[in-house]
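> need a 3D model of the sequence below.
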Amino acid sequence: MSGTRYIGSLYRTFQSWLKGFSNSSPLPRWNKRLAKKKFVISEKLSFLDTLFSTVITSSMAGCQASHPKKGWTQPMDLAEVQHLVESGKVEYIKIGSPDIEGVYRGKRVAAKHFLNSIEDGFAQCDVLFGWDIAESVLPNLKFSNWEHGFSDIIMKPDLSTFALVPWEENVASCVCDLWTEHGDPVTISPRYVLNKVVERARAMGFETSAAAELEFRFFHETMMSLREKDFGPDLLPLSPGFNCYSISQASADEDLLGRIARNMRDYGIEIEGYNREHGPGMYEMNIRYDNSVTAADKTMLFKAGVKEICHQMGLTASFMAKWNDQEDGSSGHSHVSLWDSERERNLFWDENAEGHMSTIMRQFLAGVLEKLPECMALYAPVINSYKRYVEGTWAPLNTTWGMDNRTCSIRIINNGKRAIRIENRVPGADANFYLVFAATLASGLYGIEHQLELPERLQGNAYDQETVTRAIERGHIRPLARNLSAATDLLEQSGLVKEYLGEDFVEHFVATRRWEVKEYDKAVTNWDRRRYLEQI
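Residues are numbered from 1 along each chain as shown. Model prediction:
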């Protein structure tokens, strides 16, 4: 038992005894000596109670500082959650799960209701999977539709994700798994899909690690001002200029960035580093790696948390892939590796192999490259995603790989036997990282299962047309889809995605992408008006 838990146990025993002492039968009035003694004892016990309370509070604070990932790497048990609720430290809990876009959706429930309903779960309308990002209901979906009356699904909390929310008073959060009212898992749920792939990896003897590296933008805009300006194009960035990696310029924004980093640390999401990026008000933050499901949970909660903190400060944060046509897009580089069952050895490392890349790593990488085109809709899930893929803007265009080469789709980072990994540079920050990790892992496992040969790596600039043309002619690389419609066609035909992620999921996801394309096709934009209104 840790020191803090031991102190806490003593404190609860002491409180119980004190309550019994205080509630004991009153002494007769004539026994003034005993009554006075009891009063003195009560006063001293009250002082001890205050002192004890201060000690345990300080001890808990020290524990949180020493173990900032409480609720993640050190999951709370039900008794600890109960104590937080009973002590008044938690009054409301944000429960939810990722929707198909990776947005954290759910509700806030009273803490005592949370405790009473943990086992049975919480009812949630299945429209979470029945509408698009703008909350327009889609027609003809199999899972969620008008014909079924948008019935309930059940959210069951995963207590390993329970964590205090530092930027909201007496509030915690807990990610949930989703079940039907008949007791079956919701197989189109992104968290279920990723868990399914992870279990397949585990059956092959692998544990998975993943991390997201997110680029995003801040604006001096509120929810109201965004609408007053019709979402642009003249939004005011947090800071001007292209001060990428500039320490002094980044310091001007430290009130916000430092607040985010420290709040995330206290939330259990460790930020390994952050810096200014190549655009006004643009930053990058690197979330520390974890097992793949936890890494996806943290990425979702990070994105939600950054937005919440910005709302509190009268700002807006956006993970949109390409917010205008003048600047680089926002990437969501994803880092993945395979480990042994004890998580002691990175199986991608081979001391004696070329580039220290083990056979497992080479086969895994071959699978990721082979399946990049058919997984493209999972890495770039919305119309705007494809505006990011522009030559010379740090976004890949073909199925290339290279050693520490940032022009390629897959960058190999091999600077140590524990740190060796693949960096998938295809996803944007707008992606659903449950699906990004699921697709990357599924593709890699496919490569191992089929012992695929790794194609020749690209040497030099992956944007150079002559280099790319030669590689395509030799069959080493293929182009990636350049729009959502083409990417969705490839996904729909993918045997890999249907096998690893599930046919129900593919059917649902494809239907939602087709709808997204249809909505865009009928939209009239400022580009249309600028180009055609006067001259035609």
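> ramachandran angles for K303?
Phi and psi for K303, reported as degrees, to the nearest 10, are phi -60, psi -40.
> that one - nearest residue in space that isn't next to it in sequence?
Leaving out its chain neighbours, the residue that sits closest to K303 by C-beta to C-beta, 6 or more residues apart in numbering is F319, at 5.7 Å. For every residue, glycine as well, the C-beta is placed using N, CA and C.
> do I have it right that the one you found meets S331?
No. F319 lies out of contact with S331 (C-beta atoms under 8 Å); the separation is 10.3 Å.
> and for these two, which residues touch both?
Taking C-beta atoms under 8 Å, 6 or more residues apart in numbering as the criterion, F319 and S331 both touch 214, 429.
> looking at these two, which is more packed in?
Neighbour count, other C-beta atoms under 10 Å: between F319 and S331, S331 has more, with 25 against 20.
> may I have the phi/psi pair for that one?
Main-chain torsions, S331, degrees, to the nearest 10: phi -90, psi 160.
> the residue lying closest to it once chain neighbours are set aside: which element?
Nearest residue to S331 in three dimensions, chain neighbours excluded: E215, at 5.0 Å (C-beta to C-beta, 6+ apart). E215 is located in strand 207-219, with elements delineated by DSSP states H and E.
> same question for that strand, mean pLDDT?
Averaged over strand 207-219, pLDDT sits at 98.
> counting by contacts, list what the helix or strand just after that strand packs against.
On the C-terminal side of strand 207-219, the closest following helix or strand by DSSP H and E is helix 223-228. For helix 223-228, not one helix or strand is in contact under the criterion 3 or more C-beta pairs under 8 Å, 6 or more residues apart in numbering; DSSP states H and E.
> list the buried ones in the helix or strand following helix 223-228?
Per DSSP H and E, the first helix or strand lying C-terminal to helix 223-228 is helix 247-251. Neighbour-count burial for helix 247-251 flags A250 (criterion: 16 or more other C-beta atoms under 10 Å).
> which helix or strand lies directly C-terminal to helix 247-251?
With DSSP H and E, the next secondary element past helix 247-251 is helix 254-267.
> quick check: mean pLDDT of the helix or strand just after that following helix?
Later in the chain than helix 254-267, the nearest helix or strand by DSSP H and E is strand 271-276. Mean pLDDT, strand 271-276: 94.
> average pLDDT across stretch 493-505?
The predicted model assigns stretch 493-505 a mean pLDDT of 98.
> how about the strands in the stretch 351-500 of the chain?
In the stretch 351-500 of the chain, the segments counted as strands under DSSP state E, counting those that start in this stretch are 401-403, 410-413, 421-424.
> among the ones you listed, which is the most enclosed?
strand 421-424 (a mean of 24; mean count of other C-beta atoms under 10 Å).
> got the CA coordinates for it in PDB?
Provided in PDB are the C-alpha atoms of strand 421-424 (Å, rounded to 0.1, in the frame of the first residue of the first chain):
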ATOM      1  CA  ARG A 421       9.300   3.200 -34.800                       C
ATOM      2  CA  ILE A 422       7.500   4.100 -37.900                       C
ATOM      3  CA  GLU A 423       6.100   7.600 -38.300                       C
ATOM      4  CA  ASN A 424       3.000   7.600 -40.500                       C
END
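> sheet-wise, list the partners of that strand with their directions.
strand 332-339 (antiparallel), strand 410-413 (antiparallel) (DSSP bridges).
> so what pLDDT did the nearest residue to G367 once chain neighbours are set aside get?
Leaving out its chain neighbours, the residue that sits closest to G367 by C-beta to C-beta, 6+ apart is G447, at 2.1 Å. Model confidence at G447, expressed as pLDDT, equals 99.
> would you turn the strands of the stretch 351-500 of the chain into CSV with distance to L164 and mean pLDDT?
Below are the strands of the stretch 351-500 of the chain laid out as CSV (distance: least, C-beta to C-beta, whole Å; pLDDT from 0 to 100):
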stretch, distance to L164, mean pLDDT
strand 401-403, 41, 96
strand 410-413, 33, 98
strand 421-424, 31, 98
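> figure out which of those strands is closest to S97.
strand 421-424 (23.8 Å; C-beta to C-beta).
> so which residues make contact with the closest one?
The contact list for strand 421-424 (C-beta under 8 Å, 6+ apart) reads 209, 213, 333-337, 346, 348, 361, 364-365, 368, 379, 409-413, 436, 440, 444.
> go through the strands paired with strand 421-424 and name the closest to E499.
strand 332-339 (19.0 Å).
> ok, and what's touching that closest one?
Contacts of strand 332-339 (C-beta under 8 Å, 6+ apart): 201, 206-215, 289, 292, 319, 345-348, 360-361, 364, 413, 420-425, 427-431, 433, 436-437, 440-441, 444.
> how many residues are close by S160?
18.
> nearest residue to it other than its sequence neighbours?
Nearest residue to S160, sequence neighbours excluded (C-beta to C-beta, 6+ apart): P75, at 3.9 Å.
> surely the one you found is in contact with P157?
No. Applying C-beta under 8 Å, one finds P75 not in contact with P157, separated by 11.7 Å.
> which segments of the chain make up each domain?
Following automatic domain parsing, the chain resolves into domains at 3-23+31-60, 78-186, 195-532.
> highest average neighbour count across those domains?
Most buried among the domains of the chain, counting by mean count of other C-beta under 10 Å: domain 195-532, with a mean of 19.
> next, the distance between the ends of that domain.
This stretch, domain 195-532, spans 49 Å end to end (C-alpha to C-alpha, to the nearest Å).
> ok, stretch 415-430 next?
Using C-alpha to C-alpha, one end of stretch 415-430 lies 28 Å from the other.
> all helices for the stretch 1-150 of the chain, in order.
Secondary structure of the stretch 1-150 of the chain (DSSP state H, counting those that start in this stretch): helices located at 3-22, 32-66, 78-86, 111-117.
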